[in-house]
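Participant: A structural model of the following input is requested.
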Amino acid sequence: MFALRQYLLLLLTAMLWGGGFVGQKLGMDYVSPFTFTFFRTFIGALFLVPVIMISSRIRIKGESAIRKSSRSDFIKGSLAVGFCLIAAETFQQYGLKYTDVHKASFITAMYVVLVPVLGLFIGQKNRARIWIAVAVSVAGLAFLTLKRCHLSMETGDLLVLVCALLFAVHVQVIDYWVRKVDGVLLSFGQFIVASALGLVLALASGPDSWESIKAAFPAILYCGIVSNGIAYTLQIVGQRGVNPAGASIILSLESAFGALAGVLFLGELITKEALMGCALMFTATMIAVIPGRKRRSAAGGAAEQKKEG
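Facilitator: Numbering: from 1, shown residues only. Next up is the predicted model:
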């Protein structure tokens, strides 16, 4: 039941992120990438303040719902995860200025492949079904987005490719620190770090006018509360105890949900190829999350042999 709950949390995260593409697309019409990133991370941090206050008062078996951790781990984890987040989102936002949206979404989702690849360098082992799921999910993403793009690697493509690498690092860094720091606290910490860095970058690049910010505020509010405050927290909580490669497969469904959100809220047309892509990505998710057969233990095998004898 614990594993199923974690998978459902990650699936919900992907749904919320998919809807966030609509907010990003609308908000970028009015403000710069740094301004948009600062406000969405800052609002995400504010959203978590009452969540932390309420959670700290909830008692589960006599203990607080917020897991205790050292101040040192909280600071280090927040800095590590927050830096990865602001870096990835910044490269993504700037990449979107120079490349096609659908092409960018495909390249961003390459973190699905990069997570298990990075895992090889830190001693993580992945079962064969994870690699099969990776291949199927990449094929699904190709059906969903690549048909509308050219296979040329331009400046925007390179920026988004760096974004994909940073999101893969983000997943791996979360996997490490969520074992030491409570998920909600880690999410709050990453938003504080990301918003502080985002503010510095926004001021350094030239602040946007209040009129532009007000025009983009509905989109910023959605991305801040839903895509950041809720979704990133669900990601961190949901990743605890889950293989990072398997988690990345489930999170990659955001592209499928993003396509659906585009149809519902932006009036975009969804093609047969896009539907095939959604089906392949769903199949990849099932391959990743459905547990394989467990090998019999030596004791269990001996017991069966004794019974048969």
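
Participant: And residue 242, its phi and psi?
Facilitator: phi -110, psi 140 (degrees, to the nearest 10).

Participant: Now do the same contact list for it.
Facilitator: Neighbour list for residue 242: 3, 6, 7, 10 [criterion: C-beta atoms under 8 Å, 6 or more residues apart in numbering]. For every residue, glycine as well, the C-beta is placed using N, CA and C.

Participant: run the last query once more with 6 Å
Facilitator: Residue 242 makes contact with residue 6, according to C-beta atoms under 6 Å, 6 or more residues apart in numbering.

Participant: Tell me where the model's unsure across this structure.
Facilitator: 59-66, 100-103, 144-153, 289-309 (pLDDT under 70).

Participant: Please look at residue 112 and residue 248 and confirm they touch.
Facilitator: Yes: using C-beta atoms under 6 Å, residue 112 is in contact with residue 248, at 5.0 Å.

Participant: now the helices: where do they sit in the stretch 1-150 of the chain?
Facilitator: Taking DSSP state H, counting those that start in this stretch as the test, the helices found in the stretch 1-150 of the chain are 2-27, 33-57, 71-98, 101-108, 111-121, 128-145.

Participant: Can you say which of those helices is nearest to residue 225?
Facilitator: Comparing those by their distance to residue 225 (C-beta to C-beta), the top pick is helix 33-57, with 5.2 Å.

Participant: mind listing what's buried in the closest one?
Facilitator: 33-45, 47-48, 51 (16 or more other C-beta atoms under 10 Å).

Participant: Same check on stretch 172-185?
Facilitator: Of the residues in stretch 172-185, 172, 173, 174, 175, 177, 178, 181, 182, 183, 184, 185 count as buried by neighbour count, 16+ other C-beta under 10 Å.

Participant: Show residues contacting that stretch.
Facilitator: Outside stretch 172-185, the residues that reach it (C-beta under 6 Å, 6+ apart) are 52, 66-67, 69, 73-74, 77, 80-81, 84, 118, 186, 233, 236-237, 239-240, 244.

Participant: looking at the helices of the stretch 1-150 of the chain, which is closest to residue 228?
Facilitator: Here helix 33-57 is closest among those (C-beta to C-beta), at 3.1 Å.

Participant: Check which helices and strands the closest one sits against.
Facilitator: If you count contacts as 3 or more C-beta pairs under 6 Å, 6 or more residues apart in numbering; DSSP states H and E, helix 33-57 packs onto helix 71-98, helix 183-205.

Participant: Tell me which residues touch residue 169, please.
Facilitator: Residue 169 touches residue 84, counting by C-beta under 6 Å, 6+ apart.

Participant: Can you check which of the helices and strands packed on helix 33-57 gets nearest to residue 263?
Facilitator: Closest of these to residue 263 is helix 71-98, at 19.8 Å (criterion: C-beta to C-beta).

Participant: Give me the distance from the closest one to the chain's centre.
Facilitator: Here the centre of helix 71-98 is set off from its chain's centre by 12 Å, with C-alpha atoms, centre = their mean, to the nearest Å.

Participant: excluding its backbone neighbours, what's nearest the spatially most central residue of the chain?
Facilitator: When C-alpha atoms, centre = their mean is applied to the chain, the residue found nearest the centroid is residue 251 (5.7 Å). In space, and not counting its chain neighbours, residue 251 is closest to residue 14: 5.3 Å by C-beta to C-beta, 6 or more residues apart in numbering.

Participant: you'd agree that neighbour is up against residue 256?
Facilitator: No: contact criterion C-beta under 6 Å: residue 14 and residue 256 do not qualify, at 8.0 Å.

Participant: These two - which one has more neighbours?
Facilitator: More crowded of residue 14 and residue 256, by other C-beta atoms under 10 Å: residue 256, with 26 against 23.

Participant: what about that one, helix or strand, and which?
Facilitator: Secondary structure assignment for residue 256, by DSSP states H and E: helix 254-266.

Participant: Turn the buried residues of stretch 172-185 into CSV, including distance to residue 192.
Facilitator: Formatted as CSV, these follow (distance: C-beta to C-beta, whole Å):
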residue, distance to residue 192
172, 21
173, 16
174, 16
175, 21
177, 15
178, 17
181, 13
182, 15
183, 15
184, 13
185, 11
